[in-house]
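In: Here's my sequence, what's the structure:
(chains A and B)
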Protein chains: 2
Amino acid sequence: MYIVILAGGSGTRFWPLSRKSTPKQLMSVFGGKSMLQRTVERVVPMHPKRVLVVTNALQATETRRQLDYIKGVPIDVIEEPVGRNTAPAIGLAATLIARFDPDGIMAVLPADHYILDEERFRATLLKARDVAQGGSLITLGITPTRPETGYGYIEAESEAGGEAVAVRRFVEKPPLEKAMEFVATGRFYWNSGMFVWGACTILDQIGTFMPDLCSALAKLTFDAEMWEISDLKPQIEEIYGSIKSESIDFGVMEKAEDVQVIPASFGWSDVGSWSALPEVMDSDEDGNVVINAAGSVSVGSDGCLAYGGGKLVAFVGVKDLVVVDTPDALMVCAKESAQDVKKVVEELEKRGKTEYL
Amino acid sequence: MYIVILAGGSGTRFWPLSRKSTPKQLMSVFGGKSMLQRTVERVVPMHPKRVLVVTNALQATETRRQLDYIKGVPIDVIEEPVGRNTAPAIGLAATLIARFDPDGIMAVLPADHYILDEERFRATLLKARDVAQGGSLITLGITPTRPETGYGYIEAESEAGGEAVAVRRFVEKPPLEKAMEFVATGRFYWNSGMFVWGACTILDQIGTFMPDLCSALAKLTFDAEMWEISDLKPQIEEIYGSIKSESIDFGVMEKAEDVQVIPASFGWSDVGSWSALPEVMDSDEDGNVVINAAGSVSVGSDGCLAYGGGKLVAFVGVKDLVVVDTPDALMVCAKESAQDVKKVVEELEKRGKTEYL
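Out: Prediction:
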């Protein structure tokens, strides 16, 4: 199997730790290794034929630097000149793989997701690979554990019972009442953005539903047999000059006929904002989560998350806060307002304070 | 007039900025100069005969260092070997002054209070000096602006109308209902801990109500005419070995007969905790107070105070918080829990984390 890691994100919801040149996937969100490093390490035991990391020019150097230590699996870092959402990135990776190995199956994984049970994750990918060999587009659907309104949902034709089942439709982030209905049916899954399919299969589908993208990608010329892709940069730049920004969900998945969902329950979070971290990290005895700190003291406080800049962190009479300390910026945020962190970034852009972006 | 500044406090309520060796009065609570420096600068325009700063051994070096730049007024830093509350410190200063200048009037000022209108403050001190020359003990009573339950109160015999009036009694910190009654009468004042009296007058009163302290202080020998007090350390250490800890309020003021209060309304706060700072500092347009920061961004936040460690500070969806960033410790505290900051210090003591004390 080939692993395609989408690592071009430039999330602002983890400011002030994430900045333009070090977005979430390149950050040590949990302390220790970055999310990208964890994502790659997670697939190494599967011995993938190649790992293709698609990122952008601004982050390519740091991306290469972070992956340099990983041995035993060939890793290619592919630079997009500009982000065009997921469809072009996936199409580009599929083009490379299909020319080199027309029967190749590829798994598409975001670089910035949290996965608790890695064994189970790998087993799910292998199951998906087997189904994908039959020519279906496979999406991993996370079995919902709560009526989350921050995720898109996938409705299956029937209850899956652990096996692949046909997808009826994709649903955008629902209001709470809808989300509760969805979860109650047992036929809805969270849309994880993780996919498995044949490289030729997805290119066929792109050809059907996104013909412009397909014909642009068809122009790529390289020595596929020798996997000689190091000189592709000028060609990719030219192709990206003409293609439109589009997600694979909207561009292909919502329109394709043979889409199946494989239920997954390996403990997953897209870690979409600071407030998602406590869901996936152990809290201390006071109910707070403290990362990158010299210790913590809690007086009448719980439900807080601190990214501590290596310091001692003290909470006094506070609940459900996120505190992030970096060398040049300090943020205090209510957990329930974690989505508004991007407004700080917008405000700083407006003020021209590029040093904090 | 002589100025006696009580600078021996070792407050823990401004942790993590205040530490054992740099308590509140030596801190730049407001940014810029320390509270002690502001206290001394505030009296310099009155041309006091001498300024006596009473502090303790641990803080003496930093106290001297901070006052070194002040010229034009003689400053003596007097070290207590150990804190014994206000009565011994005041008795010691009074003894020195009385021997040198038996008619000397002394003003006793805490080193860590905030005063808004400095002109008015000085005018009040001069008025108090004039009354004190008649032999009364004068206390400055702050005209209350709210039914504060965190201060002690002074009840006057009658409404003062700006002039000195006899004190009926001192009252401990009252519950809210009582405080509201007090404020409504117009005869109650906040006990500021600022006093003016003749050095001999207060020594007489100490002789009456605290005879042990009086006889201990009487043992001091030095060349009073030449103000040769630099070699007093061993004598002071011996005296302090035998004397009891006592406040001047309890030891003398509550018992003495000729005590008068002079109403004061120069904008005052004892800055007893982090939550007191917003009362006396201007907030920004978002209603937050930011000290020692590179700037601030507020998204749906107000009523917060940040001591920012020189950084940009961002508030997102939070209200009424205190955030203090120092090189080795970071604290987040609900304003209403500001009194509990000392519990963090207690906890750190219990854990033996002396590096943070």
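In: contacting residues for residue A:347?
Out: When the contact criterion is C-beta atoms under 8 Å, 6 or more residues apart in numbering or on different chains, the partners of residue A:347 are B:297, B:299. C-beta here means a position set from N, CA and C on the backbone, and glycine is covered the same way.
In: In the stretch 1-150 of chain A, which residue sits nearest chain B?
Out: In the stretch 1-150 of chain A, the residue found nearest to chain B is residue A:16; the distance is 7.0 Å by C-beta to the nearest C-beta.
In: Excluding chain neighbours, give the residue nearest to that residue in space.
Out: Spatial nearest neighbour of residue A:16, chain neighbours left out: residue A:329 (3.7 Å); criterion: C-beta to C-beta, 6 or more residues apart in numbering or on different chains.
In: and that neighbour, backbone torsions?
Out: Dihedral angles of residue A:329 (phi, psi; degrees, to the nearest 10) stand at phi -150, psi 140.
In: Where does the prediction get shaky in the stretch 251-357 of chain A?
Out: The stretch 251-357 of chain A contains no residues with pLDDT under 70.
In: so the residue nearest to residue A:16 touches residue A:355, yeah?
Out: No - contact status for residue A:329 versus residue A:355: not in contact, 9.5 Å apart, counting by C-beta atoms under 8 Å.
In: Give the burial count for the residue nearest to residue A:16, as a bare number.
Out: 25 (other C-beta atoms under 10 Å in any protein chain shown).
In: shaky segments in chain A?
Out: In chain A, residues with pLDDT under 70: A:160.
In: can you give me the helices for it?
Out: A:35-43, A:57-67, A:86-100, A:118-132, A:176-185, A:199-209, A:211-218, A:233-242, A:248, A:277-280, A:341-350 (DSSP state H).
In: Kindly reformat these as CSV containing distance to residue B:127.
Out: What follows is those, written out as CSV (distance: least, C-beta to C-beta, whole Å):
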stretch, distance to residue B:127
helix A:35-43, 68
helix A:57-67, 68
helix A:86-100, 77
helix A:118-132, 77
helix A:176-185, 66
helix A:199-209, 88
helix A:211-218, 85
helix A:233-242, 79
helix A:248, 81
helix A:277-280, 59
helix A:341-350, 50
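In: and the gap between the residue nearest to residue A:16 and residue A:225?
Out: Applying C-beta to C-beta, to the nearest Å, the value for residue A:329 to residue A:225 is 50 Å.
In: before we move on, what about residue A:135?
Out: In terms of C-beta to C-beta, residue A:135 sits 25 Å off from residue A:225.
In: same deal with residue A:262?
Out: 32 Å.
In: now do residue A:101
Out: Distance from residue A:101 to residue A:225, counting by C-beta to C-beta: 10 Å.
In: out of those two, which sits in the more crowded spot?
Out: The neighbour comparison of residue A:101 against residue A:225 (other C-beta under 10 Å) goes to residue A:101, with 17 against 8.
In: Need phi/psi at the more buried one.
Out: Dihedral angles (degrees, to the nearest 10) for residue A:101: phi -150, psi 90.
In: what domains does the record give for chain A?
Out: Using automatic domain parsing, the domains assigned to chain A come out as A:2-269, A:274-356.
In: end to end, how far does the first one reach?
Out: In this case it means domain A:2-269. End-to-end span of domain A:2-269 (C-alpha to C-alpha, to the nearest Å): 23 Å.
In: right, and residue A:267 touches residue A:117 too?
Out: Yes - Residue A:267 is within contact range of residue A:117, at 5.2 Å (criterion: C-beta under 8 Å).
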